[in-house]
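Asker: here is the input, now give the coordinates:
(one chain, ligands or ions: 1)
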Amino acid sequence: MVGPQDVASLRRSADFVVVGAGVVGLACALELRRRHPHATVVVLDKERRLAAHASGRNSGVVHAGFYYARDSMKARLCRRGNLALHRFCEEHGVALERCGKLVVAQDEREHATLDDLLVRAAHNGVPLEKVGEDDVRRIEPRAKTVGWALYSPSTSVLDPLAVMTAMQQAALASGIDVMLATPWRGRDGSRVITSRGAVDAGFVINAAGLQALAIARAYGFGRDLQVLPFKGLYLLAGRTAPPLACHIYPVPEPDMPFLGVHLTVTPNGGSKIGPTALPAAWLESYAPFASLRGLSRFSARELVSSLGGNLRLLLRRPSLWRYAFREAAKMVPGRLVAAAAALAHGVRREDFRDWGRPGIRAQLLDLRAGDLVMDFRHEGDERSLHVLNAVSPAFTCVLPLAEWVVDVAEAR
Ligand SMILES: Cc1cc2nc3c(=O)[nH]c(=O)nc-3n(C[C@H](O)[C@H](O)[C@H](O)COP(=O)(O)OP(=O)(O)OC[C@H]3O[C@@H](n4cnc5c(N)ncnc54)[C@H](O)[C@@H]3O)c2cc1C
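Answerer: From the prediction side, this is the model:
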């Protein structure tokens, strides 16, 4: 979608410039407007279309908040974000399906991790129920579990594009300049250089997703970090697939930021399988290699960086080789369907023929620790703030996340 201000000219100066009109950038701009009604706020995005990256290419799951370690930002923001996003959808007429979610065990050894999740849920103030096999059958007769499972009543699903459109409209209605097709190209002191000229910025908020680290570096931040993009593929259920009442997730790997391939209810009454967590060759490598478009937005520098980063991670944590091979196998549709078939009855290859829009996570690697960054990060000074590692569940967390970003910006 091209916004009405796509053709407008860029201001020469602004109190706040937000780089990136993804969900984080738009939510930050709205929060700035709420607190500073008379300030000028400009949001820049390099793409001609809204939600071209993660904010338009995700599962649309409104997470409950029971996965995240007690003291993490993710834990602090997810429960609040879940409630706030439900309210936002109600106020803006965005459809949201309160479908709930089961986390099922594939063998008894996984019960220990389920117990840990119950403890995390209690710490994080998130409703989560331990349910026996009979209750699992009552909630979703197709779900398979060994012994017992967890049921999360406050997990929902929505269409992320509908949320993005509502946020863009709210931003435009409140006088925020949302400038699509206007990439940040560099900086010259406090001036932000774009494809349409320069804007003198009082304060810059960098919410550029996959590109946020590169921009942070231009301001002198993010030196000990590297972006390690992980691609999420989806297979969409056709009309012949049996219906699904709630999301069905596997037990997650405790020290990975990904939740494992799951079966997700979609807001239109369908379902999908995914997302995988495959190392992506470069930051915006969305198209399949088998097609000519496979090389679009190719960057040799990003390819070398991705290979180096993955190798560094695998050398530090050799146990991840098995994980990496398992994820790589899921590029084959039959293997991806087989992973989902372990979670539910009636998951058949012939019902899942079409690939959905893949998404790529802006996951960071901490170069000093040699390990994946598990929580949201920010770096900055009195002139700029950089929102880094805004990976899942940042969509769910986004409203309190924006309050936090603006609190930090104001404190500087
Ligand atoms: C496969 C997948 C599944 C996910 N599932 C869920 C889920 O179910 N629930 C959930 O809560 N979260 C989920 N997430 C996470 C969620 O989608 C992201 O955390 C969130 O969308 C991040 O938003 P963002 O605004 O930071 O990034 P983005 O949406 O990527 O936005 C960044 C924007 O910055 C722009 N930009 C980049 N460089 C420049 C530049 N130089 N100049 C101007 N603009 C620039 C880009 O064009 C882009 O529009 C998922 C993510 C993925 C990838």
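
Asker: at the contact with the ligand, which residues of the protein appear?
Answerer: Contact residues, the chain versus the ligand (CB under 6 Å from any ligand atom): 19-25, 44-47, 52-55, 57-61, 63, 183-184, 207-211, 232, 275, 359-361, 390-396. (C-beta placed from N, C-alpha, C; glycine too.)

Asker: what stretches of the stretch 151-300 of the chain score poorly on pLDDT?
Answerer: Along the stretch 151-300 of the chain, segments meeting pLDDT under 70 span 289-294.

Asker: which residues in the stretch 201-350 of the chain form strands?
Answerer: 225-227, 230-232, 235-236, 247-250, 262-265, 271-274, 278-279 (DSSP state E, counting those that start in this stretch).

Asker: what about the last one, distance to the chain center?
Answerer: Put plainly, it is strand 278-279. Centroid displacement of strand 278-279 relative to its chain, using CA atoms, centre = their mean, to the nearest Å, is 15 Å.

Asker: how about the second one?
Answerer: Taking CA atoms, centre = their mean, the mean C-alpha location of strand 230-232 is offset from the chain mean by 11 Å.

Asker: and V251, what are its phi and psi?
Answerer: phi -70, psi 130 (degrees, to the nearest 10).

Asker: my guess is it contacts D115, does it?
Answerer: No - judged on CB atoms under 8 Å, V251 makes no contact with D115 at a distance of 10.7 Å.

Asker: higher neighbour count, these two?
Answerer: The neighbour comparison of V251 against D115 (other CB atoms under 10 Å) goes to V251, with 23 against 12.

Asker: which residue is the nearest non-sequential neighbour of that one?
Answerer: E110 (4.1 Å; CB to CB, 6 or more residues apart in numbering).

Asker: surely that neighbour is within a strand?
Answerer: No - judged by DSSP: H, G, I helix; E, B strand; the rest coil, E110 forms no part of a strand; its state is helix.

Asker: count of residues packed around it?
Answerer: Neighbour tally, E110, other CB under 10 Å: 19.

Asker: pretty sure it is touching E253, no?
Answerer: No - using CB under 8 Å, E110 is not in contact with E253, being 10.6 Å away.

Asker: alpha carbons of the top helix by length along the chain, in CSV - could you do that?
Answerer: Counting by DSSP state H, the longest helix found in the chain is helix 73-92. What follows is helix 73-92, C-alpha atoms only, in CSV (Å, rounded to 0.1, in the frame of the first residue of the first chain):
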residue,chain,number,x,y,z
MET,A,73,12.0,-7.4,28.7
LYS,A,74,10.0,-10.0,26.8
ALA,A,75,8.4,-11.3,30.0
ARG,A,76,7.7,-7.8,31.3
LEU,A,77,6.1,-6.6,28.1
CYS,A,78,4.3,-9.6,26.6
ARG,A,79,1.4,-9.9,29.0
ARG,A,80,0.8,-6.2,28.9
GLY,A,81,1.2,-6.2,25.1
ASN,A,82,-1.3,-9.0,24.7
LEU,A,83,-3.9,-7.0,26.6
ALA,A,84,-3.1,-3.7,24.9
LEU,A,85,-3.2,-5.3,21.4
HIS,A,86,-6.6,-6.8,22.2
ARG,A,87,-7.8,-3.4,23.2
PHE,A,88,-6.3,-1.7,20.1
CYS,A,89,-8.0,-4.2,17.8
GLU,A,90,-11.4,-3.6,19.6
GLU,A,91,-11.0,0.2,19.3
HIS,A,92,-9.9,0.1,15.6
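
Asker: now do that helix, average pLDDT.
Answerer: The predicted model assigns helix 73-92 a mean pLDDT of 98.

Asker: list the buried residues for it?
Answerer: 73-82, 84-86, 88-89 (16 or more other CB atoms under 10 Å).

Asker: ok, stretch 241-255 next?
Answerer: A241, L244, C246, H247, I248, Y249, P250, V251, P252.

Asker: would you mind checking which of those is nearest to A280?
Answerer: Of all those, P252 has the smallest distance to A280: 20.5 Å, by CB to CB.

Asker: so N310 sits against A281, correct?
Answerer: No - the criterion here is CB under 8 Å, and N310 misses it with A281 at 10.0 Å.

Asker: would you map the helices across the stretch 151-300 of the chain?
Answerer: 160-173, 212-218, 300-316 (DSSP state H, counting those that start in this stretch).

Asker: format the ones you listed as TSV; extra columns: mean neighbour count.
Answerer: Compiled in TSV, these are given as follows (neighbours: other CB atoms under 10 Å):
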stretch	mean neighbour count
helix 160-173	19
helix 212-218	20
helix 300-316	15
